[in-house]
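K.L.:
Need a 3D model of the following:
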Amino acid sequence: MKRERRVKIVATLGPASSDYKMIRALHEAGADVFRLNMSHGSHEEIAERHAIIRQVEADCESPIAILADLQGPKLRVGTFANGEEELEEGAAFRLDLDETPGTIDRVNLPHPEIFAALEEGAHLLVNDGKIRLKVQACGTDFADCTVVTGGTISNRKGVNVPDVVLPLAALSDKDRSDLEFVSALGVDWLALSFVQRAADVEEARALCKGRAAILSKIEKPAAVKAFEEILAVSDGIMVARGDLGVELPVQNVPPIQKRLVRKCRAAAKPVIVATQMLESMIESPMPTRAEVSDVATAIYEGADAIMLSAESAAGDYPIEAVSTMDNVAREVESDPTYLEIMTASRSVNRRSVADGIVSAARELSETADIKAICCFTSSGTTASLVARERPPVPIIAMTSDAATARRLSLIWGTHCETTTVLERFKQAVVKAARAARHHGYASNEDLIVLTAGVPFNTAGTTNILRVAPCDERLIYSTDPE
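P.N.:
Next up, the predicted model:
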């Protein structure tokens, strides 16, 4: 399915978007990737949505990526005898391991790992940061705090601990069960919550056993500090701004977003900007101007994908939300300033033959009348390298591996095409020309750039760059066998 934009759209599925008709409509409106939120829904419901996506993919003859988002550990206070209490600023309040229902003075926090990591002066945030506590004294089973920001605290509200690295694994028992289930089911990307260190990603990769690509969610200050190490062992990144905005001052989030997007692009790894992008469209058919500017900013920064959460999962206007993102993206990308920004922010990173070839392909597309860059890829690496260059023409990623085509649906600028296994170079040229013509990127009179590797179907062998005509008669008259 041909898109008139380069940035990809991720749509979360949920109660408002769980049947074939709606999922197909979302794909036709612009959704390239569907997110399955493992925090909600049984395995049976997840399997049903997975099957529907694959049916839409077959009916539309368009590879679709499926992203399973693991819940991660959930840190929550216990219950209160009265259901809730009002904490006043300056009051003393204790968190402990005592399971007795809470009062105005204390409540159970059933996470000994938190007490083991706390230090005097650390902060705890309750209920998405609405309540802020400062630790005055702590031990292995308690933390005596002062209420810095008061408010209503009630049963099982979430707790964030931004100032310390918690001795908690990123994968809970539920996550391990979910990981095995969705990996066997056949998802393409696996998103990890609560990542604090590179070891969290490596643990998930060992359990996944290559069945899905690993995408790390950056939602904690510790992950921001260890980002270089986390990026090195991840296949992609999600900038989860909601949790970052709770654990960090909100004014810190925009520059962090910009830095992470640029680092991901330099590493040729996809990055999703997520959370509250069109929040008002949960209940309104029209976004706010600030939300439109937020989406546009992520696109101008060079993000590979922008994501809808509750807007498409539980909102009243899921199709309108996807269409809005699509419209904003097309408008931004048609702005001459967009390509200027992409060019100015390009990192020179040429360490291999493949790096040189994709750089040359992009330069050709800028200096000659080239309509598309067609790259044959086995693992998807070449297509990712081409996308890192942010060329001004479409990228047609051609592969004989359906799983690779699906994973590439998350990568900036790529139109993914599955093809038969190739044995000769002339076959590659002909198939690239046919794909460019078939999808309306070029006509018989046009030229395309072709990148490939010989021997074919071997990862890491990109070693050919060819400018080719789209007219098959010219291909057969000029190309060797």
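K.L.:
which SSE is the residue sitting nearest the centre point of the chain in?
P.N.:
The centroid of the chain falls nearest to residue 272 when counting by Cα atoms, centre = their mean (3.5 Å). Using DSSP states H and E, residue 272 sits in strand 271-274.
K.L.:
now do residue 36
P.N.:
Going by DSSP H and E, residue 36 is part of strand 33-37.
K.L.:
cool, residue 152 as well?
P.N.:
strand 151-154.
K.L.:
Now do the helix or strand following that strand: everything it contacts.
P.N.:
Heading C-terminal from strand 151-154, the first helix or strand you meet, by DSSP H and E, is strand 159-160. The contact list for strand 159-160 (Cβ atoms under 8 Å, 6 or more residues apart in numbering) reads 75-77, 109, 111, 114, 124-126, 128-129, 243, 246-247. To be clear about C-beta, it is placed using only N, CA and C from the backbone, and glycine gets the same treatment.
K.L.:
can you list the weak-confidence ranges in this structure?
P.N.:
Low-confidence segments of the chain, defined by pLDDT under 70: 457, 460, 476-481.
K.L.:
Now with 80, please.
P.N.:
Within the chain, the ranges that satisfy pLDDT under 80 run 1, 348-351, 422-423, 454-461, 472-481.
K.L.:
Residue ranges of each domain in it, please.
P.N.:
Residue ranges for the domains of the chain, per automatic domain parsing: 8-72+169-334, 84-160, 353-478.
K.L.:
Rebuild those domains as JSON lines, extending it with distance to residue 343.
P.N.:
Converted to JSON lines, the domains of the chain look like this (distance: least, Cβ to Cβ, whole Å):
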{"stretch": "domain 8-72+169-334", "distance to residue 343": "11"}
{"stretch": "domain 84-160", "distance to residue 343": "39"}
{"stretch": "domain 353-478", "distance to residue 343": "8"}
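K.L.:
closest one to residue 342 among the ones you listed?
P.N.:
With Cβ to Cβ, the closest approach to residue 342 among these belongs to domain 353-478: 3.9 Å.
K.L.:
So which elements touch the lengthiest helix in the chain?
P.N.:
When the chain is parsed with DSSP state H, its longest helix is helix 43-60. Secondary-structure packing of helix 43-60 (3 or more Cβ pairs under 8 Å, 6 or more residues apart in numbering; DSSP states H and E): helix 20-29, strand 33-37, strand 65-69, helix 173-185.
K.L.:
The closest residue to residue 226 other than its chain neighbours - how many residues pack around it?
P.N.:
Residue nearest to residue 226 in three dimensions, not counting chain neighbours: residue 197, with 5.5 Å by Cβ to Cβ, 6 or more residues apart in numbering. When neighbours are defined as other Cβ atoms under 10 Å, residue 197 has 17 of them.
K.L.:
Quickly note the distance from residue 197 to residue 170.
P.N.:
Counting by Cβ to Cβ, to the nearest Å, the gap between residue 197 and residue 170 amounts to 8 Å.
K.L.:
Residue 303 now?
P.N.:
23 Å.
K.L.:
coming back round to it: tell me which of the contacts of strand 159-160 fall in strands.
P.N.:
Members of those lying in strands (criterion: DSSP state E): 124, 125, 126.
K.L.:
Setting aside sequence neighbours, what's the nearest residue to the first one?
P.N.:
Right, residue 124. Nearest to residue 124 is residue 133, by Cβ to Cβ, 6+ apart, at 4.5 Å.
K.L.:
Phi and psi next, for residue 463.
P.N.:
Taking degrees, to the nearest 10, you get phi -150, psi 10 for the backbone angles of residue 463.
K.L.:
What residues sit buried inside the helix or strand hosting the residue nearest to residue 124?
P.N.:
Assigned by DSSP H and E, residue 133 belongs to strand 131-138. Across strand 131-138, burial judged by 16 or more other Cβ atoms under 10 Å covers 131, 132, 133, 134, 135, 138.
K.L.:
Same list, the residues you listed, but as CSV with distance to residue 313 please.
P.N.:
Below are these laid out as CSV (distance: Cβ to Cβ, whole Å):
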residue, distance to residue 313
131, 27
132, 29
133, 32
134, 35
135, 36
138, 38
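K.L.:
State the pair within the residues you listed that is farthest apart.
P.N.:
Longest span within those, Cβ to Cβ: 131 and 138, 17.6 Å.
K.L.:
ok, back up a step: adding neighbour count and distance to residue 429, write the contacts of strand 159-160 out as JSON lines.
P.N.:
JSON lines is the format used below for the contacts of strand 159-160 (neighbours: other Cβ atoms under 10 Å; distance: Cβ to Cβ, whole Å):
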{"residue": "75", "neighbour count": "19", "distance to residue 429": "56"}
{"residue": "76", "neighbour count": "16", "distance to residue 429": "59"}
{"residue": "77", "neighbour count": "23", "distance to residue 429": "64"}
{"residue": "109", "neighbour count": "24", "distance to residue 429": "64"}
{"residue": "111", "neighbour count": "20", "distance to residue 429": "60"}
{"residue": "114", "neighbour count": "21", "distance to residue 429": "60"}
{"residue": "124", "neighbour count": "24", "distance to residue 429": "62"}
{"residue": "125", "neighbour count": "20", "distance to residue 429": "58"}
{"residue": "126", "neighbour count": "27", "distance to residue 429": "62"}
{"residue": "128", "neighbour count": "13", "distance to residue 429": "55"}
{"residue": "129", "neighbour count": "19", "distance to residue 429": "57"}
{"residue": "243", "neighbour count": "22", "distance to residue 429": "48"}
{"residue": "246", "neighbour count": "18", "distance to residue 429": "53"}
{"residue": "247", "neighbour count": "21", "distance to residue 429": "52"}
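K.L.:
who's in contact with residue 129?
P.N.:
When contacts are counted by Cβ under 8 Å, 6+ apart, residue 129 touches 160, 246, 247.
K.L.:
all helices for the stretch 351-481 of the chain, in order.
P.N.:
353-367, 381-388, 402-407, 425-438, 472-478 (DSSP state H, counting those that start in this stretch).
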